[in-house]
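Undergrad: sequence and predicted structure below; questions after.
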Amino acid sequence: MVHTIVRHKVADYGKWKQVFDSFLNHRLAGGETGSRVFQSVDDPRDVTVITDWENAEHARRFMASDDLRTAMKSAGVLGDPDISFVQDAVLIRRSSAD
């Protein structure tokens, strides 16, 4: 599976989250299969989003889209986001039996 890791600062997390949520249909149409949102424990305006994609082509196309840039701007993203493309190498799931 392919993932993107996007880290950026936002002016206001609540406003950012509203735009992120409203962009769901665009993300799904672009090939997203899941996402997780994280906030820094030291700065709640420091946001990291890990998104799962059908393939690298879909991930790269979506991350380069003008629609995403426009949404980020309206969401109050400060500066340029740091975007990484990664794929699964090893997956370990822990349970209480471990």
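TA: Thanks, I have it.
Undergrad: and D88, how many residues sit next to it?
TA: 9 (other CB atoms under 10 Å). To be clear about C-beta, it is placed using only N, CA and C from the backbone, and glycine gets the same treatment.
Undergrad: now swap in R7 and tell me
TA: Around R7 there are 15 residues (other CB under 10 Å).
Undergrad: helix or strand for it, which one?
TA: Per DSSP states H and E: R7 is located in strand 2-10.
Undergrad: neighbouring strands of that strand in the sheet, and parallel or not?
TA: strand 46-53 (antiparallel), strand 77-87 (antiparallel) (DSSP bridges).
Undergrad: pick the most buried one from those.
TA: Comparing the strands paired with strand 2-10 by mean neighbour count (mean count of other CB atoms under 10 Å), strand 46-53 comes out on top with a mean of 18.
Undergrad: who does the spatially most central residue of the chain form a beta bridge with?
TA: The residue lying closest to the centre of the chain (CA atoms, centre = their mean) is V49, at 3.2 Å. With beta bridges defined as DSSP bridges, V49 has these partners: V6, V37.
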